[in-house]
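Student: got a sequence here, can you model it:
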Amino acid sequence: MVMSYYDNIAEGYDELHKEEQLKKLNIIKEFIHPKKTDTLLDVGCGSGISTNFWDCGATGLDPSVGLLKKTSKGTYVNASAENIPFEDKSFDFVISVTSIQNFTNIRKGLEEMKRVGKGKFAFSVLKKSVKIKIIDALIKEIFRVKHFVEEDKDFIYIIN
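Tutor: All right, here's what the predicted structure looks like:
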């Protein structure tokens with residue numbers, strides 16, 4: 001199961017993924033610019049690398065308790081993308097960095113992110129995922145992609 005995998009690697013997660021995540025976040029930062037007063041939801045936040053990257057009211061959400069225990073500062077919620085515990089249009093920005101391929105129900109997770117967002121989204125998806133064609137089609141069906149970037153390991157979708 002994906003969640004137990006992430007619980008098991010939680011201790012070394014940042015060492016394994018921080019540099020790669022920061023590279024993707026710097027690309028996303030070229031397209032989205034949250035102000036200090038904006039709210040941002042980071043779906044699949046892991047240890048908080050991508051949540052703490054932003055200087056705004058950021059909230060991280062992840063189903064892995066092990067990874068959430070590694071977070072340092074900020075607000076974090078233990079929940080899945082398919083059942084986001086926030087009201088409609090709660091966040092100015094919604095991001096998901098290399099986690100959509102891990103959703104149990106990709107369509108439901110994308111629809112939930114759209115529901116809680118106000119219209120500005122950024123997603124990165126692992127190019128080598130066996131689900132990439134399905135994910136790409138669903139993102140393009142549910143959202144209107146404004147920018148598409150092919151990064152080394154991920155496809156990055158900017159919606160606004």
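
Student: can we go C-alpha only for contacts and neighbour counts from here?
Tutor: Fine.

Student: so who does the closest residue to residue 104 other than its chain neighbours touch?
Tutor: Spatially, and ignoring its direct neighbours in sequence, residue 104 is nearest to residue 82 (7.6 Å; C-alpha to C-alpha, 6 or more residues apart in numbering). By C-alpha atoms under 8 Å, 6 or more residues apart in numbering, the contact list for residue 82 reads 103, 104, 105, 106, 108, 109, 110, 112.

Student: same thing with residue 90?
Tutor: Neighbours of residue 90 in contact, by C-alpha under 8 Å, 6+ apart: 39, 116, 117, 118.

Student: dump these to JSON lines, plus neighbour count.
Tutor: Shown next, in JSON lines, are these (neighbours: other C-alpha atoms under 10 Å):
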{"residue": "39", "neighbour count": "20"}
{"residue": "116", "neighbour count": "20"}
{"residue": "117", "neighbour count": "23"}
{"residue": "118", "neighbour count": "17"}
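
Student: which of these sit farthest apart?
Tutor: Pairwise distances across those (C-alpha to C-alpha) peak at 11.1 Å, for the pair 39 and 116.

Student: for the two, list the residues in contact with both.
Tutor: Common neighbours of residue 39 and residue 116 (criterion: C-alpha under 8 Å, 6+ apart): 90, 91.

Student: please name every helix or strand in contact with the host helix or strand of residue 133.
Tutor: In this structure, residue 133 sits in helix 132-142 according to DSSP states H and E. When contacts are defined as 3 or more C-alpha pairs under 8 Å, 6 or more residues apart in numbering; DSSP states H and E, helix 132-142 packs onto helix 106-116.
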